[in-house]
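[1] here are the coordinates; sequence isn't available:
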């Protein structure tokens, strides 16, 4: 059974880069056709799909954030690393890593417990 574990900074200052590390166990990020995604949920709001990387390394981003986001991966560590640049306090949210066969879903079949990231000076 696949498991995803997020590790994040906790607190990020405005204009800086938010970087999350998603560590996967129980399944390889380079086999089987899945999308490895990150999703966030701001306080009092619904979940937002942020972006994904697939087994070939191709990346997909939420259109409104495409200019400020990126996802990379390290197959040797079975990790993928989403980033969001030039953050504002509006980026404060619980960020989760996820896996699904559907691109863009906010109801993934597998996801981590999430990590709180607060953007504040």
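    Good, I have the coordinates. Computed from a prediction, not measured in an experiment: that's the story for all the values here. Numbering: from 1, shown residues only.
[2] use CA for all of it now, contacts and neighbours both
    Fine.
[3] would you mind measuring from the residue lying closest to residue 68 once chain neighbours are set aside to residue 30?
    In space, not counting the residues next to it along the chain, residue 68 is nearest to residue 85; the distance is 5.1 Å by C-alpha to C-alpha, 6 or more residues apart in numbering. Using C-alpha to C-alpha, to the nearest Å, one gets 26 Å for the distance from residue 85 to residue 30.
[4] return the residue spatially closest to the residue sitting nearest the centre point of the chain, with its sequence-adjacent residues excluded.
    Centroid-nearest residue in the chain: residue 38, 2.4 Å away (criterion: C-alpha atoms, centre = their mean). Closest residue to residue 38 apart from its sequence neighbours, by C-alpha to C-alpha, 6+ apart: residue 97 at 4.5 Å.
[5] within the sheet, what are the partner strands of the helix or strand harbouring that neighbour, with directions?
    Using DSSP states H and E, residue 97 falls within strand 93-100. Under the criterion DSSP bridges, strand 93-100 sits next to strand 35-41 (antiparallel), strand 110-111 (antiparallel), strand 115-119 (antiparallel) in its sheet.
[6] what's in contact with that strand?
    4-6, 22, 34-43, 108-118 (C-alpha atoms under 8 Å, 6 or more residues apart in numbering).
[7] stretch 71-90 now?
    Against stretch 71-90 from outside (C-alpha under 8 Å, 6+ apart): 13-25, 28-30, 36, 38, 42, 51-53, 57, 59, 68-70, 118-120.
[8] are any of those buried, and which?
    Among those, those classed as buried by 16 or more other C-alpha atoms under 10 Å are 14, 17-24, 28-30, 36, 38, 42, 51-53, 57, 59, 69-70, 118-119.
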